[in-house]
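K.L.:
Structure for the following, please:
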Amino acid sequence: MKTNAPRFITLIIALILAVLGLIGYFIGGTLGTFAFWLVLFGFVVLFAGSILKGL
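P.N.:
Next comes the predicted model:
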């Protein structure tokens, strides 16, 4: 399996999702309810950007 570097925008989106998840985890509130899913989705976006060419 050949991996590619994700595009810059894909990296930024994954980073924003991960940071929102971490903020939600430590601060709580409504964002804290979805903290795990935000971080997981951020990693899925980053993984897809590494596997799929041009994403």
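K.L.:
pLDDT of stretch 18-26, averaged?
P.N.:
Regarding stretch 18-26, the rounded mean pLDDT is 93.
K.L.:
How about stretch 35-43?
P.N.:
Mean predicted confidence for stretch 35-43 is 95.
K.L.:
Number the residues from 23 up from this point.
P.N.:
Done: numbering now begins at 23, and the last item shifts to stretch 57-65.
K.L.:
Look up how far Leu77 lies from the residue positioned nearest the centre of the chain.
P.N.:
Taking CA atoms, centre = their mean, the centroid of the chain lies closest to Gly64, which sits 1.3 Å from it. The gap separating Gly64 from Leu77 is 14 Å, by CB to CB, to the nearest Å. Any C-beta I mention is one placed from the backbone N, CA and C, and that applies to glycine too.
K.L.:
which strands and helices sit next to the longest helix seen in the chain?
P.N.:
For the chain, the helix that runs over the most residues, judged by DSSP state H, is helix 30-49. Contact here means 3 or more CB pairs under 8 Å, 6 or more residues apart in numbering; DSSP states H and E; on that basis helix 30-49 packs against helix 51-55, helix 57-73.
K.L.:
again, 6 Å this time
P.N.:
For helix 30-49, the elements it packs on are helix 57-73, judged by 3 or more CB pairs under 6 Å, 6 or more residues apart in numbering; DSSP states H and E.
K.L.:
how far is the helix it packs on from where the chain is centred?
P.N.:
Its chain's C-alpha centre and that of helix 57-73 lie 4 Å apart, by CA atoms, centre = their mean, to the nearest Å.
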